[in-house]
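Engineer: With the sequence up front, the predicted model follows.
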Amino acid sequence: MKLRGLYAITDSQLLAGKFLSYVEAALEGGVTLLQYRDKSSDEARRLREAEALRDLCDRYKTQLIINDDAELAARLNVGVHLGQTDGPLTPARALLGRQAIIGSTCHAQLELAEQAAKEGASYVAFGRFFNSNTKPGAPTCSLDLLDQARSKLHLPICAIGGITLENAAPLVAHGVDLLAVVHGLFGAESTAEVTRRARAFNELLSIK
Ligand SMILES: Cc1ncc(COP(=O)(O)OP(=O)(O)O)c(N)n1
Ligand SMILES: Cc1ncsc1CCOP(=O)(O)O
Ligand SMILES: [Mg+2]
């Protein structure tokens with residue numbers, strides 16, 4: 001399966017009180033990957049919300065990815081996204097199986113991406129590319145790195161960090177396959193606007 005398209009990422013604060021309606025609005029507009037990102041330690045709520053997202057994703061034939069937590073991903077039989085301090089890829093691959101989607105944060109370092117590829121990552125994520133409300137302190141990354149990554153790696157490339165409809169085009173022109181977005185998608189005033197934005201991101205990526 002070729003991974004290309006909009007990668008929607010949830011944010012518990014931003015989506016408070018409208019969690020499932022906004023996620024469904026995004027799925028309606030077309031989402032390739034949906035990441036459940038919740039940095040709290042409320043295990044019961046995390047399980048409940050992740051299960052609700054899995055059911056929604058099943059209905060829309062979207063792949064669910066759990067941020068940080070390979071155990072929860074295994075429990076739900078979905079994918080996982082792991083950062084550099086979230087545990088190694090090899091045991092996660094062994095736990096989740098060959099088919100699972102496993103993503104790796106590579107910040108702005110090609111070497112991390114090459115290592116992730118060797119360890120069986122399904123995609124590599126670079127960023128942040130722009131100012132991010134969600135993670136202002138994330139290291140920055142340049143378009144140059146995308147060119148190098150595109151020529152060296154044979155994996156889908158994901159870009160993250162402050163991506164909006166207004167600034168995403170150069171990322172696509174520099175070979176990005178997956179646009180990972182929180183505020184630029186879910187920071188909208190209405191569900192209709194979330195759906196419109198999702199459709200517009202897909203158009204940028206030439207996905208109908
Ligand atoms: C698609 C995608 N790319 C990067 C990240 C960041 O992961 P990480 O560095 O582990 O930071 P947290 O998101 O866990 O705060 C991501 N989640 N998704
Ligand atoms: C999790 C993460 N990692 C680097 S930037 C970022 C946040 C992305 O959110 P936004 O699209 O709101 O900048
Ligand atoms: Mg993480």
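Structural biologist: Cool, got the structure. Ligands and ions are numbered 1, 2, ... in the order given.
Engineer: Please identify the buried residues of stretch 187-195?
Structural biologist: For stretch 187-195, the buried set under the neighbour-count rule, 16 or more other C-beta atoms under 10 Å, comprises Gly187, Ala188, Thr191, Glu193, Val194, Thr195. C-beta coordinates here come from the backbone N, C-alpha and C atoms, glycine included.
Engineer: Could you list every helix and strand in contact with the host helix or strand of Ala94?
Structural biologist: Take DSSP states H and E as the rule and Ala94 turns out to sit in helix 89-96. Contacts of helix 89-96 with other secondary structure elements, assessed using 3 or more C-beta pairs under 8 Å, 6 or more residues apart in numbering; DSSP states H and E, are made with helix 70-76, strand 79-82, strand 102-105.
Engineer: do the last one and ligand 1 meet at all?
Structural biologist: Right, the one you point to is strand 102-105. Yes: counting by C-beta under 6 Å from any ligand atom, contacts between strand 102-105 and ligand 1 involve Gly103, Thr105.
Engineer: what does this protein have sitting close to ligand 2?
Structural biologist: On the criterion C-beta under 6 Å from any ligand atom, ligand 2 has as its neighbours in the chain the residues 127-128, 132-135, 138, 160-163, 181-184.
Engineer: Can you flag which of those belong to helices?
Structural biologist: Among those, DSSP state H puts His183, Gly184 in helices.
Engineer: Show me which of the residues of the chain next to ligand 2 are buried.
Structural biologist: Buried by 16+ other C-beta under 10 Å: 127-128, 132, 134, 138, 160-163, 181-184, out of the residues of the chain next to ligand 2.
Engineer: For these, give me JSON lines that also has distance to Ser104 and pLDDT.
Structural biologist: Rendered in JSON lines, the data for these read as follows (distance: C-beta to C-beta, whole Å; pLDDT from 0 to 100):
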{"residue": "Gly127", "distance to Ser104": "12", "pLDDT": "97"}
{"residue": "Arg128", "distance to Ser104": "16", "pLDDT": "98"}
{"residue": "Ser132", "distance to Ser104": "19", "pLDDT": "98"}
{"residue": "Thr134", "distance to Ser104": "19", "pLDDT": "97"}
{"residue": "Ala138", "distance to Ser104": "15", "pLDDT": "96"}
{"residue": "Ile160", "distance to Ser104": "12", "pLDDT": "98"}
{"residue": "Gly161", "distance to Ser104": "15", "pLDDT": "98"}
{"residue": "Gly162", "distance to Ser104": "20", "pLDDT": "98"}
{"residue": "Ile163", "distance to Ser104": "18", "pLDDT": "98"}
{"residue": "Val181", "distance to Ser104": "18", "pLDDT": "99"}
{"residue": "Val182", "distance to Ser104": "18", "pLDDT": "98"}
{"residue": "His183", "distance to Ser104": "23", "pLDDT": "98"}
{"residue": "Gly184", "distance to Ser104": "22", "pLDDT": "98"}
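Engineer: Quick check: the farthest pair among these?
Structural biologist: Using C-beta to C-beta, those reach their maximum pairwise distance at Ala138 and Gly184, which is 14.8 Å.
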